[in-house]
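Enquirer: When you get a sec, could you give me coordinates for this:
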Amino acid sequence: MEDWDDSNYQLNDVKFEGGQSTGLIYTDQKTKQVYFKKIFDEEIDYVREKAFYKEILIKIDPKDRSSFLELLHFNDNNKELIFPFINSKLVDKCTKQKGIKSRYLALKLFHLVVEKIKILHSKNICHCDIKVHNILLVNVQDKENYKVIIIDFGQYQELNRKSTMNCGTTEFNPPKLIEDADRLKKFGKQIEEYSPQELDVYQLGMLLFRMLTQLYLSISLKKVAQNKMKKDFFKEQIKKLYKSEYKTELILDDDIFDLVFQILSREITEINQIQQHQIYQQYLQGKIKPDEEDLQFEDMVKFKEDQNSSRSKGESIQNEIKQAHKKYCDLMRESENFDQFNEWQGAFFKLQPRKIDRKKLYGGSLLTEMSTEDLLNVLLSILAENNNQIFSQNIFRKGKDSLTLEVELNYQTVEIDRKYYSEQLQEDEEDLDELIESNRIEKIKMQIEVVSVIEQGKPEMRSLIFQSRDGEKIYYDNLIQEIQEKIYKF
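Expert: Predicted coordinates:
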């Protein structure tokens with residue numbers, strides 16, 4: 001690739017904010033090829049990731065290099081790396097179903113990831129930040145064949161060398177590393193040595209858990225999982241947490257759960273031990289077949305109406321939208337700022353959404369056939385559901401060519417914590433009370449734009465473009481996911 005010149009490319013609207021970098025998407029104005037520019041905040045992170053692609057990747061067998069992105073260009077002065085853009089992440093696919101219910105598909109995708117990490121381990125390299133966000137998923141030939149690409153190598157380490165590096169992502173890290181990282185941040189205390197190989201394997205276990213349940217584990221539940229005697233108790237707590245989060249029962253295959261638990265309890269600490277597990281071997285031997293209702297990966301999730309319902313789908317959806325909007329209006333009337341807020345809202349509803357080409361929309365984005373007015377009614381009702389404070393804000397950004405909301409929310413999430421912090425759980429029934437639910441509230445500022453999506457030969461649709469203004473990334477991501485899932489129900 002020739003030297004990169006921004007003037008030759010069109011900057012797309014989507015922006016990705018990461019922990020150590022910012023991602024921008026560019027389209028070549030001549031060839032229409034799409035590229036991803038990763039801009040690093042710190043020199044050390046830039047140098048590290050660049051070194052992987054320039055020095056480590058060339059040591060991998062050419063037939064296996066397609067499992068990793070190709071570095072097309074780099075700019076040392078601006079700390080920039082340029083890659084081809086692939087708009088399909090594993091996280092986008094899993095979130096729509098509240099966890100993958102098919103054990104065949106879950107094992108299939110997990111196997112693809114394990115094989116790629118095994119390639120790295122064979123070259124004495126550990127990724128050290130394995131999570132759903134760092135895995136791209138590409139269809140090959142048809143919907144039943146997938147190719148996995150691992151990204152984000154800014155924290156890679158040598159496999160056979162102990163480390164004291166603060167790395168990984170809290171939601172996928174083991175409790176000891178989380179606590180050490182917290183002490184490092186608060187008191188400057190050095191992180192105790194750990195094995196990068198064991199970290200990779202633990203993160204693979206958390207990856208599989210996340211794929212199956214769409215839940216994150218608190219540090220307390222991770223500690224429970226380390227107690228081999230608490231397997232059944234751990235499973236019950238997961239089911240309670242899932243029901244609290246999604247208002248439905250968790251269907252979790254015992255054999256796959258056993259694989260997850262053995263990894264989280266550190267009975268499994270190497271890749272080959274994962275592959276030797278009974279359920280994994282059954283998959284490799286072709287003994288696990290696709291389910292009849294296997295998960296299909298599509299741009300939109302189609303929700304089936306209750307077969308016993310006598311109402312048509314259209315009538316049912318319209319009634320649900322009307323009910324949601326009525327509840328929103330009732331909340332708005334109760335606010336002290338009703339008159340002014342109603343005036344802001346009235347002017348906003350007269351605006352038209354910005355039109356955007358489907359190709360410029362980030363893969364996995366929410367797409368809906370709802371009208372602009374219906375989508376706004378549903379979105380506002382969701383925002384106001386647990387956040388009456390929005391009525392005291394002018395959340396409606398002025399603009400002739402866009403429908404953009406800027407809102408500050410109190411995001412409430414349920415976390416599971418230990419009531420008592422003893423080294424060892426007691427074996428009597430009273431220890432069932434040691435895990436308690438608590439509500440955590442995080443302030444999040446965000447921007448949401450309603451856009452009209454155009455694709456040749458297809459009816460016009462609507463989508464939402466989210467952008468973070470302030471707040472913890474994990475809670476911001478969870479909030480977006482909840483908003484999307486609630487809208488999908490319509």
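
Enquirer: Next SSE downstream of the helix or strand hosting Leu207?
Expert: Assigned by DSSP states H and E, Leu207 falls within helix 196-213. Of the helices and strands lying after helix 196-213 in sequence (DSSP H and E), the nearest is helix 219-225.

Enquirer: For the closest residue to Leu112 other than its chain neighbours, name its beta-bridge partners.
Expert: Excluding its sequence neighbours, the residue lying closest to Leu112 (C-beta to C-beta, 6 or more residues apart in numbering) is Val148, at 4.1 Å. From N, CA and C alone the C-beta is placed, and that goes for glycine too. Applying DSSP bridges to Val148 gives these bridge partners: Leu137.

Enquirer: so Val148 makes contact with Val114?
Expert: No. Using C-beta atoms under 8 Å, Val148 makes no contact with Val114, being 9.6 Å away.

Enquirer: pretty sure Leu221 contacts Glu236?
Expert: No. Under the criterion of C-beta under 8 Å, Leu221 makes no contact with Glu236, lying 11.2 Å away.

Enquirer: Can you tell me the element Phe16 falls in?
Expert: Taking DSSP H and E as the criterion, Phe16 maps to strand 9-17.

Enquirer: mind listing what the next helix or strand after that strand pairs with, with the direction of each?
Expert: Heading C-terminal from strand 9-17, the first helix or strand you meet, by DSSP H and E, is strand 21-28. Strand 21-28 pairs in its sheet with strand 9-17 (antiparallel), strand 34-40 (antiparallel), by DSSP bridges.

Enquirer: buried ones in strand 21-28?
Expert: Neighbour counts over strand 21-28 (16 or more other C-beta atoms under 10 Å) mark Ser21, Gly23, Leu24, Ile25, Tyr26, Thr27 as buried.

Enquirer: Can you tell me the closest non-neighbouring residue to the last one?
Expert: Counting by C-beta to C-beta, 6+ apart, Gln10 is the residue found nearest to Thr27 once chain neighbours are left out, at 4.7 Å.

Enquirer: If you count contacts, what does the helix ranked longest in the chain end up packed against?
Expert: Counting by DSSP state H, the longest helix found in the chain is helix 313-334. Other helices and strands packing on helix 313-334, by 3 or more C-beta pairs under 8 Å, 6 or more residues apart in numbering; DSSP states H and E, are helix 338-349, helix 372-385.

Enquirer: What lies in contact with that helix?
Expert: 305, 309, 311, 338, 341-342, 370, 374, 377-378, 380-382, 384-385, 388, 391, 489-490 (C-beta atoms under 8 Å, 6 or more residues apart in numbering).

Enquirer: what does stretch 103-114 give?
Expert: 90, 100, 130, 135, 137, 146-148, 150, 204, 207-208, 211-212, 253, 255-256, 271, 274-275, 279-280, 283-284, 288-291, 294-295.

Enquirer: Show me the protein divided up by domain.
Expert: Listed domain ranges for the chain are 6-84, 90-284, 313-488 (source: automatic domain parsing).

Enquirer: Tell me which of those domains sits most buried.
Expert: domain 90-284 (a mean of 18; mean count of other C-beta atoms under 10 Å).

Enquirer: sorry, back to before: turn the domains of the chain into JSON lines, including mean pLDDT.
Expert: Compiled in JSON lines, the domains of the chain are given as follows (pLDDT from 0 to 100):
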{"stretch": "domain 6-84", "mean pLDDT": "89"}
{"stretch": "domain 90-284", "mean pLDDT": "90"}
{"stretch": "domain 313-488", "mean pLDDT": "74"}
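
Enquirer: which SSE is Asp45 in?
Expert: Following DSSP H and E, one finds Asp45 within helix 43-51.

Enquirer: Dump that helix to PDB, restricted to CA.
Expert: Provided in PDB are the C-alpha atoms of helix 43-51 (Å, rounded to 0.1, in the frame of the first residue of the first chain):
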ATOM      1  CA  GLU A  43       3.700   5.600  22.300                       C
ATOM      2  CA  ILE A  44       4.300   2.400  24.200                       C
ATOM      3  CA  ASP A  45       1.000   0.900  23.100                       C
ATOM      4  CA  TYR A  46       1.600   1.900  19.500                       C
ATOM      5  CA  VAL A  47       5.100   0.500  19.400                       C
ATOM      6  CA  ARG A  48       4.000  -2.800  21.000                       C
ATOM      7  CA  GLU A  49       1.100  -3.500  18.600                       C
ATOM      8  CA  LYS A  50       3.200  -2.400  15.600                       C
ATOM      9  CA  ALA A  51       5.900  -4.800  16.700                       C
END
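
Enquirer: How far off centre is it?
Expert: On the basis of C-alpha atoms, centre = their mean, to the nearest Å, helix 43-51 is displaced by 24 Å from the centre of the chain it belongs to.

Enquirer: Give me the helices and strands touching the helix or strand following it, please.
Expert: Per DSSP H and E, the first helix or strand lying C-terminal to helix 43-51 is strand 73-75. Where contact means 3+ C-beta pairs under 8 Å, 6+ apart, strand 73-75 is packed against strand 80-84.

Enquirer: what inclination does the strand it packs on have with respect to helix 43-51?
Expert: Angle of strand 80-84 versus helix 43-51, following axes from the mean of the first three to the mean of the last three C-alpha atoms, to 10 degrees, is 40 degrees.

Enquirer: Parallel or antiparallel, which strands does strand 80-84 pair with?
Expert: Applying DSSP bridges, strand 80-84 is found paired with strand 34-40 (antiparallel), strand 73-75 (antiparallel).

Enquirer: Glu442 in helix, strand or coil?
Expert: With DSSP: H, G, I helix; E, B strand; the rest coil as the basis, Glu442 sits in strand.

Enquirer: what pairs with it across the strands?
Expert: Glu442 forms beta bridges with Tyr411, as assigned by DSSP bridges.

Enquirer: measure it to Leu409 for me?
Expert: Distance, Glu442 to Leu409, by C-beta to C-beta, to the nearest Å: 9 Å.
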